[in-house]
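K.L.:
need a 3D model of the sequence below.
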Amino acid sequence: MTTTAEAMPQAAKLPRQIPYIIGNEACERFSFYGMRNILTPFLVSTMLLYAPEAERAGIAKDVFHSFVIGVYFFPLLGGWLSDRFFGKYNTVMWFSLIYCAGHACLAAFDDNRTGFYTGLFLIAFGSGGIKPLVVSFVGDQFTQANKHLAKIVFDAFYWTINFGSFFASLLMPIFLRNYGPAVAFGIPGILMFIATVIFWMGRRQYVRVPPTRGQDADSFFNVARTALTARVSGQARPGFVVAATGAALAIGIMLCWATAPAWWPGGFEFVISACLALGALIAFGGIGTAMQLERARGRHPDEAVDSVRSVLRILIVFAIVTPFWSLFDQKASTWILQGNEMRVPHEAWWWPSWLVKEPAQMQALNPLFVMLIIPFNNIVLYPVLRRLGFEPTALKRMGWGIAFSGIAWIAAGAIQLHLDSGASTSLAWQTLPYILLTFGEVLVSATALEFAYSQASFAMKGVIMAFWYLSVTFGNLWVLLTNAAVRNEAVIGRIANTGLSENAFLMFFFAGFAFLAALVFAWYAKRYPMQDNYRTVGA
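P.N.:
Now for the predicted structure:
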């Protein structure tokens, strides 16, 4: 006889409000990737940069990566506002309206520097603000009775992200070329407005979990604060000193940016300086907290203290992963600029000339390959590796993913050497680095969330997501720092002495950066104490 508990999963239905969230995600992702993937080619071709044509490529890269830094920094703000004051639904709605306003600025001020940059800021602010909330908002719609259906929805989420990215990458460069920036940036704005309306239409059906308003006494930051400030008779507070040093260093960095002393690097503008200051706070604060974490026991439950320690370990993993993002996000900047030097092979019978006309459209290969590589890995590659006696653990996959990103940049560097020799080079050759980079992305990005979920306790999963987004921010910071360094005459001279062009040198440099990170990752992975924090049956 079937019990009620056994029958419940079969009888459960998908919550009626889910289609509104899925529809919102599909339109929002098309909107975001539509504008993101034409940003670099637009900036290179416009007079907005107020720079000689030869200098626009480098400046366009700086603008693009500064924008990405903002997108992945503002989740901290969105998550905080949602948790402390407004709840997920209200926060998503308000940030979505800001998001729409940003798109409107891009379309309306394509010939006005201040207006256009204001639009980029508003999009980074709006997109980043809703980024940590939508996925968790989906989870809020499920109960114990239908939680088994949540995987279907999360799979649909992932599919819509890549679906939107694929078509946005294919179509928006064509609109930019044929109809101009006002239309090309306006279409993503319309899609974002539609996304907001779809989300609003489900307002009466959503389950809205009220904000905690900071009442969790055992949160990550409360435990860390206790550890740093707790006094023990007869003992010094070395951890507090380390954390205070980080705070002083952060303040010093921002003061140097504001006052610009003669020895301060000229390329260290606000974004670089602010990211370096934030990095100092996180690094020194994390080390200091780890040094004194045991002082929090007794004042907080052992589970909370152990959870904070697990987060600090995961932060080291995320820090080593940041070089991967410095390579990955340059597919929308450096690789587009390289593609502009290549020949679109319209004469080849196999080239889809009716559709692929611009180098920027090659970015569509990334979501396409993602949708192909994930099932290939799960159905073919991983089972074969297991039969051969090699278990593809999460940490092993991530380490190999970083290495594959380096191989992708070796391939891109080889293409650049061919271009530098003056030979005509088909754009089709970029397919190889795209395949290699996407394979690395699947191994790193998809695996990292699985890894972090298993390592962090339930109470700390939100904190982990915030730090994961920051890893993308710091990955793009590496790009800005490198770009600032190569503007130094001494560095330019040393690059010239290698016999390589600046572009080729940087491609091989980033490849080496990835290989070094992969080696460090492998070393740390062998010492990492794995945890298993999945929810137990019945918990």
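K.L.:
domains of the chain?
P.N.:
When the chain is parsed with automatic domain parsing, its domains come out as 15-204, 222-296, 318-539.
K.L.:
and the residue nearest the centre of this protein?
P.N.:
The chain has residue 472 as the residue nearest its centroid, 4.2 Å off, counting by C-alpha atoms, centre = their mean.
K.L.:
tell me how far it lies from residue 479.
P.N.:
Per C-beta to C-beta, to the nearest Å, residue 472 is found 11 Å from residue 479. The way it works is simple: take the backbone N, C-alpha and C, and place the C-beta from them, glycine included.
K.L.:
same deal with residue 143?
P.N.:
In this view, residue 143 and residue 479 are 44 Å apart by C-beta to C-beta.
K.L.:
and if you look at residue 237?
P.N.:
Using C-beta to C-beta, residue 237 is found at 37 Å from residue 479.
K.L.:
pLDDT below threshold where in the stretch 101-250 of the chain?
P.N.:
Scanning the stretch 101-250 of the chain for pLDDT under 70 picks out the ranges 144, 147-148, 150-152, 154-155.
K.L.:
please enumerate the helices of it.
P.N.:
All helices of the stretch 101-250 of the chain, identified by DSSP state H, counting those that start in this stretch, fall at 113-140, 150-179, 181-201, 220-229, 238-259.
K.L.:
need the ones you listed in TSV (columns: distance to residue 37 and mean neighbour count).
P.N.:
Putting these into TSV (distance: least, C-beta to C-beta, whole Å; neighbours: other C-beta atoms under 10 Å) gives the following:
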stretch	distance to residue 37	mean neighbour count
helix 113-140	13	20
helix 150-179	5	18
helix 181-201	10	21
helix 220-229	35	20
helix 238-259	31	16
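K.L.:
mind checking those helices for the one nearest to residue 425?
P.N.:
Nearest to residue 425, of all those, is helix 150-179, at 19.4 Å by C-beta to C-beta.
K.L.:
which elements pack onto that closest one?
P.N.:
If contacts are counted by 3 or more C-beta pairs under 8 Å, 6 or more residues apart in numbering; DSSP states H and E, helix 150-179 sits against helix 18-45, helix 113-140, helix 181-201, helix 365-376.
K.L.:
could you give the separation of the first one from the chain centroid?
P.N.:
The one in question is helix 18-45. How far helix 18-45 lies from its chain's middle: 14 Å, per C-alpha atoms, centre = their mean, to the nearest Å.
K.L.:
name the residues of it that are buried.
P.N.:
Residues of helix 18-45 classed as buried: 18, 20-45 (neighbour count, 16 or more other C-beta atoms under 10 Å).
K.L.:
distance to residue 305 added to the helices of the stretch 101-250 of the chain, as a markdown table?
P.N.:
Below are those laid out as a markdown table (distance: least, C-beta to C-beta, whole Å):
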| stretch | distance to residue 305 |
| --- | --- |
| helix 113-140 | 24 |
| helix 150-179 | 30 |
| helix 181-201 | 38 |
| helix 220-229 | 6 |
| helix 238-259 | 14 |
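K.L.:
what's the closest of these to residue 96?
P.N.:
Nearest of the helices of the stretch 101-250 of the chain (C-beta to C-beta): helix 181-201, 4.3 Å.
K.L.:
kindly export that closest one (C-alpha atoms) in PDB.
P.N.:
What follows is helix 181-201, C-alpha atoms only, in PDB (Å, rounded to 0.1, in the frame of the first residue of the first chain):
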ATOM      1  CA  PRO A 181      24.000  51.600 -31.500                       C
ATOM      2  CA  ALA A 182      20.700  53.200 -30.500                       C
ATOM      3  CA  VAL A 183      18.800  50.200 -31.900                       C
ATOM      4  CA  ALA A 184      21.400  47.700 -30.800                       C
ATOM      5  CA  PHE A 185      21.400  48.900 -27.200                       C
ATOM      6  CA  GLY A 186      17.600  49.700 -27.300                       C
ATOM      7  CA  ILE A 187      16.600  46.100 -28.000                       C
ATOM      8  CA  PRO A 188      18.200  44.700 -24.900                       C
ATOM      9  CA  GLY A 189      16.500  47.500 -23.000                       C
ATOM     10  CA  ILE A 190      13.100  46.400 -24.300                       C
ATOM     11  CA  LEU A 191      13.900  42.800 -23.300                       C
ATOM     12  CA  MET A 192      14.800  44.000 -19.800                       C
ATOM     13  CA  PHE A 193      11.500  45.900 -19.500                       C
ATOM     14  CA  ILE A 194       9.600  42.800 -20.700                       C
ATOM     15  CA  ALA A 195      11.500  40.800 -18.100                       C
ATOM     16  CA  THR A 196      10.500  43.200 -15.400                       C
ATOM     17  CA  VAL A 197       6.800  43.200 -16.400                       C
ATOM     18  CA  ILE A 198       6.800  39.400 -16.500                       C
ATOM     19  CA  PHE A 199       8.300  39.200 -13.000                       C
ATOM     20  CA  TRP A 200       5.700  41.800 -11.800                       C
ATOM     21  CA  MET A 201       2.800  39.800 -13.200                       C
END
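K.L.:
re the thing from before, what sits against the residue nearest to the centre of the chain?
P.N.:
By C-beta atoms under 8 Å, 6 or more residues apart in numbering, the residues touching residue 472 are 68, 72, 325, 329.
K.L.:
try 6 Å this time
P.N.:
In this structure, residue 472 makes contact with 72, 325, judged by C-beta atoms under 6 Å, 6 or more residues apart in numbering.
K.L.:
can you check the one 4 residues further on too?
P.N.:
Listed by C-beta under 6 Å, 6+ apart, the contact partners of residue 476 are 65, 68-69, 329.
K.L.:
re the thing from before, out of the helices and strands packed on helix 150-179, which is closest to residue 247?
P.N.:
Nearest of the helices and strands packed on helix 150-179 to residue 247, taken as C-beta to C-beta: helix 113-140 at 24.1 Å.
K.L.:
now find how far off-centre that closest one is within its chain.
P.N.:
13 Å.
K.L.:
just checking, what packs against it?
P.N.:
If you count contacts as 3 or more C-beta pairs under 6 Å, 6 or more residues apart in numbering; DSSP states H and E, helix 113-140 packs onto helix 53-73, helix 75-81, helix 87-108.
K.L.:
using JSON lines, lay out those together with distance to residue 187 and mean neighbour count.
P.N.:
What follows is those, written out as JSON lines (distance: least, C-beta to C-beta, whole Å; neighbours: other C-beta under 10 Å):
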{"stretch": "helix 53-73", "distance to residue 187": "19", "mean neighbour count": "20"}
{"stretch": "helix 75-81", "distance to residue 187": "25", "mean neighbour count": "20"}
{"stretch": "helix 87-108", "distance to residue 187": "9", "mean neighbour count": "21"}
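K.L.:
distance to residue 441 for the ones you listed - can I get that in TSV?
P.N.:
Converted to TSV, these look like this (distance: least, C-beta to C-beta, whole Å):
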stretch	distance to residue 441
helix 53-73	15
helix 75-81	19
helix 87-108	25
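K.L.:
please name the nearest non-neighbouring residue to residue 180.
P.N.:
residue 110 (7.6 Å; C-beta to C-beta, 6 or more residues apart in numbering).
K.L.:
scratch that, residue 102
P.N.:
Using C-beta to C-beta, 6+ apart, the closest residue to residue 102 is residue 122 (3.1 Å).
K.L.:
part of a helix, is residue 265?
P.N.:
No: under DSSP: H, G, I helix; E, B strand; the rest coil, residue 265 sits outside any helix and is assigned coil.
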